[in-house]
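**Student:** What shape does this take:
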Amino acid sequence: MHSMDGGNSQFDQDFLEDEMDEILADPEANDTAKTGHPSDMQLEIDNEQQEEEFLEDQDRHFGLTQSMVNEAVANGMGPLLNKWRCTAPKVVAANEKKRKIAAYQRDYRARKKAERQGVMTEAMDANYTNKEDDSDEDSPIRPTKKRKASVSKRKSKSPEETPVKTLITYIQIRKPTRAPSSSRSKQTAVSEFTSRGPFEFKTSDSYQTFLEHLADTLPCIIAQIPQNSIVFRPDKPTNSREKPLGSEVAYRAMLRDFIHRTEKQGLSMTITMDPPAKPVEEPAFWDTGEVNKQPNFDFTSLETTNIGDSVVSQKMSFDAKNAPIMEDLRKQYGIGTHVLYPDRRVYTDQNGTSWELNDLRLSVWASHINRNTPGVDVTKPPAANCFDYSQRLKPPKQVLSTSIPTPTSTIPTSAPTAADPVAAHPAMSANDTSRDRLIDVMIVSLLQQAVNATAHTSNTASSNQLTAAASTSVPNSAPSSPCRPIHVTLDKFCSQYHLSDKDKERLEELEYTPGNRSIDKLCSAEWKDVGFKTLSWNKVLEAHYRFLKDVKSGVWDTYM
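**Tutor:** Numbers count the residues shown, from 1 in each chain. The predicted model follows:
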């Protein structure tokens, strides 16, 4: 491609000759030439005709070069020619002219300002001399003003101008580790730290000042602080790691972490440390009259209490409040006052249901009386789980099996008439107390023994049969036993429980009698053979179970 170096050199030479002619012709310009400072007017070009001829010659070369570039681009060599830039020589010359004029003007203004201030330096003279010798230099002298601005900008970032911030610090003191418990039961989680503070300090404070604030908050003296165990953790973010804070270097590193933070980013932290060292001499626990006493750390807050011991102590305190009421209940319900349970302390309600008054029930009862629970007094226990019906006392088996003789057709004629009162024993009321019922049972038992003793030896077997046939159970709140023989016909059974005639015929084939417990042991093949389906068979079983329940409740007593 065509180079413009030769044309530019000719142009520069003509430009300088014309400039010198103008300086010699103009006296003011001559004065300026003596001083060595060019003016704006000195940069004008007078020979416009010579310049036009030069530019026309360059245009001819530009047209030829451009046509070659266009042909190369059309042949696919465009990417290789991207680094070349082709433009009109007239435009290039105009731009170069503007650049040189601007450079001269900048240098001229800088020199004038330096002369006014009297700070002209040899470096500026040498730089300007180099500028005249090499007119093609592209980088002008940087103004001093911008350099001062950059220096002042760096000074604004100095540590002396950083704002002072206040940090909030929370303290956590590690408790001594406990020995593992021998119990295999799950241990309750206990806090491993005791808290102090918070306190505040500034980022401008020294490490010694920080230790003074820490000692005042604990409280203790600085010598007792275990500095090697101190670590800190910023509260934000929450996943921050713990870092050491037990030396001057670590303290300065902590300040660098917080110095550029804002309040939104968090200006608080938590420090964790071991307990302060105990003083060599124990302080006096009385008032010694000293004005400036040394601060003493409360080491009792570090004592770990056993959860089991705490529960026991709470229970002891609870029992101490209820002790007078519990004593009144023990006097009200003494041991041996109930004939069925002579070795127990028993409470019996109006329905004859009894509960043993152990320590737990006495404590619960007394606590409700102490809290003034409505409806609870020494005669009526609270509606608590320990006084639920399922927790009641059940009568001993020997009492339930005690028999009362009744007259039957097997009584021998030789039996004395003294047995008649036994046969005429009245039915016991459900409202009788357990003690009265037991007395009645004992009386009947004595009468029975008297009857057996006066009977003839030949009738011993008959009297034993009498006892077995006429035995009756002691009446209680439980329903009558279903084991007694009930003679209910199958017709009555089916009518009572709404079974169809087909079901009745099928039950007859199975030889079922109402109350026969073998019915639920039949396999499916047996009841399917007689024609039962699953639904009809389930209906029969439901009627069977209802029958047993009704027998217990006394519905079929007329069929006994």
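**Student:** Tally up the residues packed near residue 277, please.
**Tutor:** For residue 277, the neighbour count with other CB atoms under 10 Å is 13. Where you see a C-beta, it was placed from the backbone N, CA and C, and this is true even at glycine.
**Student:** if I look at it, how far off is residue 229?
**Tutor:** In this structure, residue 277 and residue 229 are 11 Å apart, going by CB to CB, to the nearest Å.
**Student:** give the contact list for residue 365.
**Tutor:** By CB atoms under 8 Å, 6 or more residues apart in numbering, the contact set of residue 365 is 325, 326, 329, 357, 376, 381, 382.
**Student:** Need the CA coordinates for the helix or strand in which it is found. PDB is fine.
**Tutor:** Element membership for residue 365, per DSSP states H and E: helix 359-370. This file holds the C-alpha atoms of helix 359-370, laid out as PDB (Å, rounded to 0.1, in the frame of the first residue of the first chain):
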ATOM      1  CA  ASP A 359     -47.600 -41.800  98.500                       C
ATOM      2  CA  LEU A 360     -48.300 -40.800  94.900                       C
ATOM      3  CA  ARG A 361     -52.100 -40.600  95.300                       C
ATOM      4  CA  LEU A 362     -51.700 -38.800  98.600                       C
ATOM      5  CA  SER A 363     -49.300 -36.300  97.100                       C
ATOM      6  CA  VAL A 364     -51.600 -35.600  94.100                       C
ATOM      7  CA  TRP A 365     -54.600 -35.300  96.400                       C
ATOM      8  CA  ALA A 366     -52.800 -32.900  98.700                       C
ATOM      9  CA  SER A 367     -51.500 -30.800  95.800                       C
ATOM     10  CA  HIS A 368     -55.000 -30.300  94.500                       C
ATOM     11  CA  ILE A 369     -56.200 -29.300  98.000                       C
ATOM     12  CA  ASN A 370     -53.300 -26.900  98.300                       C
END
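**Student:** residues of it that come out buried?
**Tutor:** Within helix 359-370, the residues that count as buried by 16 or more other CB atoms under 10 Å are 361, 362, 363, 364, 365, 366, 367, 368, 369.
**Student:** Rebuild those as JSON lines, extending it with distance to residue 260 and pLDDT.
**Tutor:** JSON lines is the format used below for the buried residues of helix 359-370 (distance: CB to CB, whole Å; pLDDT from 0 to 100):
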{"residue": "361", "distance to residue 260": "69", "pLDDT": "88"}
{"residue": "362", "distance to residue 260": "69", "pLDDT": "88"}
{"residue": "363", "distance to residue 260": "63", "pLDDT": "87"}
{"residue": "364", "distance to residue 260": "64", "pLDDT": "88"}
{"residue": "365", "distance to residue 260": "68", "pLDDT": "89"}
{"residue": "366", "distance to residue 260": "66", "pLDDT": "89"}
{"residue": "367", "distance to residue 260": "61", "pLDDT": "87"}
{"residue": "368", "distance to residue 260": "64", "pLDDT": "88"}
{"residue": "369", "distance to residue 260": "67", "pLDDT": "89"}
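**Student:** Next, count neighbours for residue 92.
**Tutor:** If we define neighbours as other CB under 10 Å, then residue 92 has 17 of them.
**Student:** quick one: which helix or strand includes it?
**Tutor:** Since the elements are taken from DSSP H and E, residue 92 ends up inside helix 89-117.
**Student:** Based on its surroundings, how many neighbours for residue 116?
**Tutor:** The burial count for residue 116: 9, using other CB under 10 Å.
**Student:** meant to ask about residue 109, not that
**Tutor:** 11.
**Student:** Quick check: it vs residue 116, distance?
**Tutor:** 11 Å.
**Student:** Would you map out the domains in this protein?
**Tutor:** Domain assignment for the chain by automatic domain parsing gives 5-145, 163-176+191-278, 310-391, 397-469, 490-559.
**Student:** Low-confidence regions, the stretch 201-350 of the chain specifically.
**Tutor:** 280-318 (pLDDT under 70).
**Student:** ranges for the helices of it?
**Tutor:** For the stretch 201-350 of the chain, applying DSSP state H, counting those that start in this stretch gives helices covering 207-217, 248-258, 307-332.
**Student:** pLDDT below threshold where in this protein?
**Tutor:** Residue ranges of the chain with pLDDT under 70: 1-50, 52, 58-66, 73, 76-88, 118-161, 177-191, 280-318, 397-486, 559-560.
**Student:** Report the buried residues of stretch 350-359.
**Tutor:** 352, 354, 355, 356, 357.
**Student:** re earlier: can you say which two of the buried residues of helix 359-370 are spatially most distant?
**Tutor:** Checked with CB to CB, the buried residues of helix 359-370 reach their widest spread between 361 and 369, with 12.5 Å between them.
**Student:** I'd say residue 526 and residue 512 touch.
**Tutor:** No - taking contacts as CB atoms under 8 Å, residue 526 lies outside contact range of residue 512: 11.2 Å.
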